[in-house]
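**Student:** I need the structure of the sequence given here:
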Amino acid sequence: MTVAVIDNRALPLWWLLPLWVVICLNIWSLGKDAQVRVDMPETAAPDVIASTQTVPWTFFHNVFDFPLVEREEIVVPVVPGHRALRVRVTKAGHDPWNVLVHTNTVKPIRRGDRIEGRVWLRLERAPQAQGANTGRATLRLQNARSPYAAMQELHLILTPQWQEFTVAGVAPHDFKAGEANLIVYLAGQAQTVDVGPATLYNRGLPQP
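**Tutor:** Residues are numbered from 1 along each chain as shown. Here you go, the predicted model:
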């Protein structure tokens, strides 16, 4: 059987075999590229929905429990952004949230989104009378409006070494920008705490 003629000579079918190999390899390569594009959302970077390096911490204290709370910004080379807020709590508060810092989301969240907050903290000083060199804090992902329901809450032990703490939860409903926040309670005991940077991520809905 002949399939082509060059210089008036018939060519056999096997002459087309290299061409078919090239075509098949191209089709396989296109299919592989398409698969890579499909898989990309799995490894895409999470969306940053709050960062204290962009919008600084908001500080709050209950003036009936703590009429005055000393705080100052300090330079810290070992944490991202090289800045921290030093907060001096003179006693255990009536409630641990009577001295706190928080950062609100700047983007909306959908129900079921996986939210992850990270914050750097360390104990600068604990009263000598306590006999221990550890501090206490509470880290929460929560609704920023009453009744301030938590997505997740962690009770932390602070040491003089800087540590990055992570809290993760799932959004129980949709949130508009600013309706959820990451918050740190500091009035669990008398202590001086250095509060470093925080970042809040939205990792989206779970992949099927």
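**Student:** tell me which residues in stretch 123-138 are buried?
**Tutor:** For stretch 123-138, a neighbour-count test (16 or more other C-beta atoms under 10 Å) marks 123-124, 126, 135-138 as buried. Just so you know, the C-beta spots here come from the backbone N, C-alpha and C atoms, and that holds for glycine as well.
**Student:** what are the ranges of the helices in this structure?
**Tutor:** 17-43 (DSSP state H).
**Student:** Could you work out the end-to-end span of stretch 83-98 for me?
**Tutor:** Using C-alpha to C-alpha, to the nearest Å, the span of stretch 83-98 from its first residue to its last is 24 Å.
**Student:** now stretch 73-92
**Tutor:** Counting by C-alpha to C-alpha, the length from the leading to the trailing residue of stretch 73-92 is 22 Å.
**Student:** Look over the buried residues of stretch 123-138 and name the one with the lowest pLDDT score.
**Tutor:** Scanning those for pLDDT, the smallest score is found at Ala126, 85.
**Student:** close enough to count as contact, that residue and Val193?
**Tutor:** No - in this structure, Ala126 sits apart from Val193 without contact. The criterion is C-beta atoms under 8 Å, and the distance is 9.6 Å.
**Student:** shared neighbours, these two?
**Tutor:** Listed as contacting both Ala126 and Val193 by C-beta atoms under 8 Å, 6 or more residues apart in numbering are Gly135.
**Student:** still on that earlier bit, nearest to Thr90, of the buried residues of stretch 123-138?
**Tutor:** Thr90 has its nearest neighbour among these in Ala126, at 12.2 Å by C-beta to C-beta.
**Student:** what pairs with the closest residue to that closest one other than its chain neighbours across the strands?
**Tutor:** In space, Ala126 comes closest to Gln191 once its chain neighbours are excluded; the distance is 5.2 Å by C-beta to C-beta, 6 or more residues apart in numbering. In this entry, Gln191 is beta-bridged to Val89, by DSSP bridges.
**Student:** same question, Val48
**Tutor:** Taking DSSP bridges, one obtains Tyr201 as the residues bridged to Val48.
**Student:** Then Tyr185?
**Tutor:** Under DSSP bridges, the beta-bridge partners of Tyr185 are Leu100, Thr138.
**Student:** And it, how far from Val195?
**Tutor:** 11 Å (C-beta to C-beta, to the nearest Å).
**Student:** Next: Ile49.
**Tutor:** Ile49 is 19 Å from Val195, where distance means C-beta to C-beta.
**Student:** Next: Gly169.
**Tutor:** Distance, Gly169 to Val195, using C-beta to C-beta: 21 Å.
**Student:** The two: which has the busier surroundings?
**Tutor:** Each of Gly169 and Val195 had its neighbours counted (other C-beta atoms under 10 Å), and the higher figure belongs to Val195 (22 against 18).
**Student:** before we move on, back to that, what's the pLDDT at the residue nearest to Ala126?
**Tutor:** Value listed for Gln191 in the pLDDT field: 96.
**Student:** Could you double-check that it lies in contact with Leu123?
**Tutor:** Yes - the pair Gln191 and Leu123 passes the contact test of C-beta under 8 Å, sitting 6.3 Å apart.
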